[in-house]
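Participant: attaching a predicted model along with its sequence, questions to come.
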Amino acid sequence: MRRVRNYFGRSRSPASRDRGQLFVFGLYFLCVVLLVLSRINHSVILEARDRLADLAAPFFSAASAPVSELRHGIGRARDYTAMFGELDRLKAENEGLKTWEWRAKQLERKVGQLQALLHVVESTGLNYVSGNVIADARGPFTRSVLINLGRDQGMRVGYAVLSGEGLAGRIVDAGGALSRVLLLNDLNSRIPVLVGPAGARALVSGDNSAELRLEFVADGASLYGGDEVYTSGSDGVLPRGLRVGIVTGGAGAFKVRPDVEFSSLDAVSVLFFDSPALVSVDPPRAISPKPLSAVPTALNTDAEDIAPVSTATVNTSSEAGSQQ
Amino acid sequence: MNAIVPALSILLAVLSTSLPLGLPADATFILPFLIVTMVFVWRALRAELPAYAAMLFGLLADVTTGGPLGYWGLMALLAASAGGLARPLALQRNVYTLWLAWLPCVASLATFGWLLASLYFFRWIDHWPFIIAASASFALCPALLYGLRKLRSLGKLSRRVPDYGAPA
């Protein structure tokens, strides 16, 4: 039998070469199988991802720290260069906000009077926990980030994730120590919203670009550029009234410019908003060591139960929504 | 050593995809495409990088980028096969031949990647990130070739062996 040499100069028979080719073909097949399983969200793939992400959590945390510091440094340097212009802008903005503050106080008083008149039951506040983005998993298909909060801190799939500017996304995978947040501009993101002062119903979806699509706008709804877009809460997963962005573009091609700057997402808060719909989104897992409760254990008064998270802080606020 | 240096360099590139670099939306493909380029270059340079190792690095990139599991594994496998076919070109000392060989490969990979992604999501994915990443990969290929060749020679990995055709 004629023997051939491979690229390392080792002798190789045609039979072993055929076996090698068959092996490579098997690898291609394996990748296709994995893609199909991934497409149908097979539980094995999801579990494997969670475990791998948990294993890699210490690395992500350690590696992202210097990068985050560097980005902060660059941002600070930019701020210094644009400081005087920014100061003038802030002065003007402050003047405008003073007017709005006065108006807001008036409205608050008026709402209080009307609520007292109607015997409105006060809605319960939302609790939230704050953490940091430790890894940027924005790949070709996904716009997601990893945060240093996991099931140990009470995270569940479906919880809303906010930055200082507004809604950033929602949790789609929750491991023990960290969670994956699907950003609003991800291809798989769909959020029911209300648009403008009239509260026209629509759906905001991501397409991996900087702006979001505005679809399924209610018939007869009048939309204008600059209209505010906020969550409707009709999916039963996200609370109502979280700021999403503002309407841009013209009739027939409305877009939404998100309030959140996704590329510079750093500190985030996660709202604990449990609803019956969450059960279908995030059913309790058999492997989960702790039962999922309406109020996360991390928020119980027993401070020893709170798992240590380097930069995360747990907050309870009756007006968490007011940060919106 | 012949196997460790390529593996380590690609592993570093894979792990860098998980860092919060704050790249713009259209540039998010660049880092994964660099991994694919490195697989191609290492294979073309006759480093000991088996196809299964290339696939494993691709799968790791799938995990770190949060994409569909198997996508970058498949792309890395294709790049490994292309790199294997390009080995005769690497025998010539001229870097530009290999660089030019990468042009049709990266164009085909980007097109295939875009079609596969569109098929996976059942909608036409924005093609610009693929074009930008393929262009960046092509532009950075000479630098990668030069750097990885240096790395290879520093680690005394060079093996002067005749070409016996593309491996399986």
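Facilitator: Looks like it came in fine. Numbering: from 1, shown residues only, chains lettered A, B, ... in the order given.
Participant: just the helices from chain A, written as ranges.
Facilitator: Here chain A has its helices, by DSSP state H, at A:14-39, A:43-81, A:83-118, A:276-281.
Participant: and the ones you listed as TSV, adding mean pLDDT, mean neighbour count and distance to residue A:201?
Facilitator: C-beta: built from backbone N, CA, C; applies to glycine. Formatted as TSV, those follow (pLDDT from 0 to 100; neighbours: other Cβ atoms under 10 Å in any protein chain shown; distance: least, Cβ to Cβ, whole Å):
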stretch	mean pLDDT	mean neighbour count	distance to residue A:201
helix A:14-39	86	15	30
helix A:43-81	78	15	31
helix A:83-118	88	10	24
helix A:276-281	61	13	17
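Participant: among these, which comes closest to chain B?
Facilitator: Taking Cβ to the nearest Cβ, helix A:14-39 is the member of the helices of chain A nearest to chain B, at 3.3 Å.
Participant: anything in that closest one near chain B?
Facilitator: Yes - using Cβ under 8 Å from any Cβ of the partner chain, helix A:14-39 reaches chain B at A:17-18, A:20-21, A:23-24, A:27-28, A:30-35, A:37-39.
Participant: other SSEs contacting that helix?
Facilitator: helix A:43-81, helix B:51-65, helix B:71-85, helix B:95-121 (3 or more Cβ pairs under 8 Å, 6 or more residues apart in numbering or on different chains; DSSP states H and E).
Participant: pLDDT score assigned to residue A:162?
Facilitator: We have a pLDDT of 90 for residue A:162.
Participant: could the helices and strands packed on helix A:14-39 be laid out in a markdown table, adding distance to residue A:230?
Facilitator: A markdown table is the format used below for the helices and strands packed on helix A:14-39 (distance: least, Cβ to Cβ, whole Å):
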| stretch | distance to residue A:230 |
| --- | --- |
| helix A:43-81 | 28 |
| helix B:51-65 | 30 |
| helix B:71-85 | 34 |
| helix B:95-121 | 27 |
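Participant: between the ones you listed, which one is closest to residue A:214.
Facilitator: Residue A:214 sits nearest to helix B:95-121 of all the helices and strands packed on helix A:14-39, at 19.4 Å, using Cβ to Cβ.
Participant: and after that closest one, which helix or strand comes next?
Facilitator: On the C-terminal side of helix B:95-121, the nearest following helix or strand under DSSP states H and E is helix B:128-154.
Participant: if you count neighbours, what's buried in that following helix?
Facilitator: Under the neighbour-count criterion of 16 or more other Cβ atoms under 10 Å in any protein chain shown, helix B:128-154 has B:129-134, B:136-138, B:140-141, B:144-145, B:148-149, B:151-152 buried.
Participant: once you drop chain neighbours, what's closest to whichever residue of the stretch 201-324 of chain A sits closest to chain B?
Facilitator: In the stretch 201-324 of chain A, the residue found nearest to chain B is residue A:263; the distance is 4.6 Å by Cβ to the nearest Cβ. Nearest non-adjacent residue to residue A:263, counting by Cβ to Cβ, 6 or more residues apart in numbering or on different chains: residue B:22, 4.6 Å away.
Participant: any idea of the pLDDT on that neighbour?
Facilitator: Looking at residue B:22, its pLDDT is 70.
Participant: for it, give me phi and psi.
Facilitator: Backbone dihedrals for residue B:22, given as degrees, to the nearest 10, come out at phi 70, psi 40.
Participant: hang on, isn't it packed against residue A:75?
Facilitator: No - taking contacts as Cβ atoms under 8 Å, residue B:22 lies outside contact range of residue A:75: 9.4 Å.
Participant: list residues touching both of those two?
Facilitator: Common neighbours of residue B:22 and residue A:75 (criterion: Cβ atoms under 8 Å, 6 or more residues apart in numbering or on different chains): residue A:264.
Participant: spell out which parts of the stretch 201-324 of chain A neighbour chain B.
Facilitator: So the stretch 201-324 of chain A meets chain B at A:207, A:208, A:209, A:210, A:262, A:263, A:264, A:265, A:266 (Cβ under 8 Å from any Cβ).
Participant: give me the nearest residue to residue B:54, chain neighbours excluded.
Facilitator: residue B:80 is the one closest to residue B:54 (Cβ to Cβ, 6+ apart), at 3.9 Å.
Participant: can you check residue A:196 too?
Facilitator: Using Cβ to Cβ, 6+ apart and skipping the chain neighbours, the partner closest in space to residue A:196 is residue A:227 (3.7 Å).
Participant: what about the one you found, how many residues nearby?
Facilitator: Residue A:227 is flanked by 20 other residues according to other Cβ atoms under 10 Å in any protein chain shown.
Participant: and for the one 10 residues further on?
Facilitator: Using other Cβ under 10 Å, residue A:237 has 22 neighbouring residues.
Participant: that one and residue A:65, how far apart?
Facilitator: Here residue A:237 is placed at a distance of 32 Å from residue A:65 (Cβ to Cβ, to the nearest Å).
Participant: phi first, then psi, for the residue nearest to residue A:196.
Facilitator: Backbone torsions of residue A:227, given as degrees, to the nearest 10, read phi -60, psi 140.
Participant: how near is residue A:254 to residue B:89?
Facilitator: For residue A:254, the distance to residue B:89 - Cβ to Cβ - is 51 Å.
Participant: neighbour count for these two, which is higher?
Facilitator: Between residue A:254 and residue B:89, counted using other Cβ under 10 Å, residue A:254 has the larger neighbour count: 21 against 18.
Participant: so the more buried one makes contact with residue A:221?
Facilitator: No - when contacts are counted by Cβ under 8 Å, residue A:254 is not listed as touching residue A:221 (10.1 Å).
Participant: was I right about residue B:121 contacting residue A:187?
Facilitator: Yes - with contact defined as Cβ under 8 Å, residue B:121 and residue A:187 form a contacting pair (5.6 Å).
Participant: which residues are in contact with each of those two?
Facilitator: Residues touching both residue B:121 and residue A:187 (Cβ under 8 Å, 6+ apart): residue A:141.
Participant: those two: which is more packed in?
Facilitator: Counted by other Cβ under 10 Å, residue B:121 and residue A:187 do not tie: residue A:187 has more neighbours, with 21 against 15.
Participant: list buried residues within the residues of the stretch 201-324 of chain A next to chain B.
Facilitator: For those, buried by 16+ other Cβ under 10 Å: A:207, A:208, A:209, A:262, A:263, A:265, A:266.
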